Structures are given as structure tokens and as C-alpha cells.
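*Asks:* give me a 3D structure for the following:
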Amino acid sequence: MNKSILAAIRAMYVAHDLNPENILEHIIHYVLTENVARNGRDVLWYMDEVNNIAFYVDTLEELTEQEIEKELL
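*Replies:* As a prediction, the model looks like this:
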């Protein structure tokens, strides 16, 4: 896993107080995925029954709900 993705995971889990002990489980169950947005940028996306969170991997900038709808859905 590259350093940019690890930094994005760390930023996401800290910003949203997610349990880092569950990272592997989240990856296995596709709760946490790496995607390419429509604009061509890599995005780390966390989606469960409560959260819909996405961060650009290159800048660690969090996407808004509108950006998630436009770029990922």
C-alpha cells in the first residue's frame, strides 16, 4: 500500500473518530475502498450504514456530500 493511501486512511480515521483496529475488516468487507473519481483523482471512500466519507488521496482533502454524489455515485 503506498504512503499516500496510508496517509489518507490515517487522516480519515482521525477526523471521523473511526476505530483503527477495524481497518482490515473494513477493507475486506468493502466499507473502505480506493476509487478513481470521475475527475480522474484517486479517492479513499468509507461507506457504511452511518457514514459516507471520502478523501482525495493526493491532498487529503475531504469531499463534501455534493462532491461524493458528483464524483463517485
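
*Asks:* is E34 in contact with A54, as I believe?
*Replies:* No. Counting by C-beta atoms under 8 Å, A54 is not a contact partner of E34; they are 10.4 Å apart. No exception for glycine: its C-beta is placed from N, CA and C like everyone else's.

*Asks:* more neighbours: the two, which one.
*Replies:* Comparing E34 with A54 by other C-beta atoms under 10 Å, the one with more neighbours is A54, at 23 against 15.

*Asks:* what's opposite that one in the beta bridge?
*Replies:* W45 (DSSP bridges).

*Asks:* any buried residues in stretch 10-30, and which?
*Replies:* A11, M12, Y13, L18, I23, H26 (16 or more other C-beta atoms under 10 Å).

*Asks:* send the alpha carbons of it over as CSV?
*Replies:* Output in CSV follows, covering the C-alpha atoms of stretch 10-30 (Å, rounded to 0.1, in the frame of the first residue of the first chain):
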residue,chain,number,x,y,z
ARG,A,10,-4.9,7.9,8.9
ALA,A,11,-6.5,11.3,8.2
MET,A,12,-9.9,9.8,7.6
TYR,A,13,-9.9,7.7,10.7
VAL,A,14,-8.6,10.5,12.9
ALA,A,15,-11.0,13.2,11.5
HIS,A,16,-14.1,11.0,12.0
ASP,A,17,-13.0,9.1,15.2
LEU,A,18,-13.2,5.7,13.4
ASN,A,19,-11.8,2.7,15.1
PRO,A,20,-8.4,1.9,13.5
GLU,A,21,-8.5,-1.6,14.9
ASN,A,22,-11.2,-2.3,12.2
ILE,A,23,-9.3,-1.1,9.2
LEU,A,24,-8.6,-4.6,7.8
GLU,A,25,-12.2,-5.7,8.4
HIS,A,26,-13.4,-2.5,6.6
ILE,A,27,-11.2,-3.3,3.6
ILE,A,28,-12.2,-6.9,3.4
HIS,A,29,-16.0,-6.0,3.6
TYR,A,30,-15.6,-3.1,1.1
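
*Asks:* quick one: contacts of that stretch?
*Replies:* Here stretch 10-30 makes contact (C-beta atoms under 8 Å, 6 or more residues apart in numbering) with I9, V31, L32, T33, L44, Y46, N51, I53, F55, L60, E62.
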